[in-house]
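Q: Need a 3D model of the sequence below.
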Amino acid sequence: MTDIAGKVAVVTGAGSGIGRALALQLAKGGARLALSDMDTLGLTETVRQAEQLGADVHSSPLDVTQRESVIDYAAAVNAHFGTVNLVFNNAGIAFTGEVEISEFKDIERVMDVDFWGVVNGTKAFLPYLIESGDGHIINTSSLFGLLAVPGQSAYNAAKFAVRGFTESLRQEMLAAGRPVRVTCVHPGGIKTAIARNSTTAEGYQQRDFSQFFDRYLAHTSPEAAARRILKGVDADRGRVLIGLDARALDLFVRLTGSGYQRVVSTVTGMLMPKPQAPASSSKAG
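A: Below is the predicted model:
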């Protein structure tokens, strides 16, 4: 990015993956950083690397599902630095399981982290971004916020919701003339630990799914993803697609409409790991 020296950038989920890569790219550009994650060991390592690059870092463990904690965190960051310019709502989790066999609690957990975590971060920091006169909110959706796939109904729901929420927010800021730009990010398969750290419905072997993700889907490095995101932020793009897979499949959906669903269900049916035991009924969490 151009002209980020001295700006205050907030990154959630900074302990690994895209979050860490963003933090380090921002540090190289001279930004001041507010970094958070539930993974305290990973967060500590990101802080160490960012400080080695000369960054001024404020860090804190943060559960983005705890609204009052997020609101207090936003106030603390603003008080510490005196302003906030960029907020990367990046924290997220993954879960695999068909609707029929997924428990309510698992679907709710994905929505709490991946959607409500974004809403909490956006609402908590928006007043400070407006006050800064030079704000930017960057919310991480997914390729799965552009198309749906079997076994990812909870994740799809959360990421489609992030997309709708963020696109609406961008229009609201434009219509109101607010000094806050808004970008929605759609990463394709990124070489991170999200699949290895994910959970699955009963009957799935988590290792099978993570191996499937690493073999067939993870093509882009976190560093390349971070560079692409920051380039899009610099250009004030409303939507940033990360990876050839995201760009190609976005075009495929646009060209085929709902017709993509038969193609995707056939392909994933052949390739994706199956539950080891058939489900007989839904379970209530």
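Q: Now the longest helix along the chain: average pLDDT?
A: Selection of the longest helix in the chain by residue count, based on DSSP state H, yields helix 153-176. Averaged over helix 153-176, pLDDT sits at 97.
Q: Going along the chain, name the helices of the stretch 51-200 of the chain.
A: 67-81, 104-110, 117-132, 153-176 (DSSP state H, counting those that start in this stretch).
Q: If you count neighbours, what's buried in the first one?
A: Buried residues in helix 67-81, defined by neighbour count with 16 or more other C-beta atoms under 10 Å: 67, 69-70, 73-74, 77-78, 81. All C-beta spots, glycine's among them, are computed from the backbone N, C-alpha and C.
Q: out of these, which one sits closest to residue 251?
A: Nearest to residue 251 among the buried residues of helix 67-81: residue 70, at 35.6 Å, using C-beta to C-beta.
Q: separation between that closest one and residue 263?
A: 39 Å (C-beta to C-beta, to the nearest Å).
Q: surely residue 15 meets residue 47?
A: No. Residue 15 is beyond contact range of residue 47, at 9.3 Å (criterion: C-beta atoms under 8 Å).
Q: the more surrounded of these two?
A: residue 15 (26 against 22; other C-beta atoms under 10 Å).
Q: mind listing what that one touches?
A: 37-43, 45-46 (C-beta atoms under 8 Å, 6 or more residues apart in numbering).
Q: What's the first helix or strand after the lowest-mean-pLDDT helix or strand in the chain?
A: Sorting the helices and strands of the chain by mean pLDDT, DSSP states H and E puts helix 206-212 at the bottom, at a mean of 55. Counting by DSSP states H and E, the next helix or strand C-terminal to helix 206-212 is helix 222-234.
Q: now that next one: mean pLDDT?
A: Helix 222-234 comes out at a mean pLDDT of 95.
Q: do the same with stretch 15-29
A: 97.
Q: got it, and stretch 38-56?
A: When pLDDT is averaged over stretch 38-56, the result is 97.
Q: Now find how far off-centre the lengthiest strand in the chain is within its chain.
A: Looking across the chain with DSSP state E, the single longest strand is strand 180-187. When distances are taken as C-alpha atoms, centre = their mean, to the nearest Å, strand 180-187 is centred 10 Å away from the chain's centroid.
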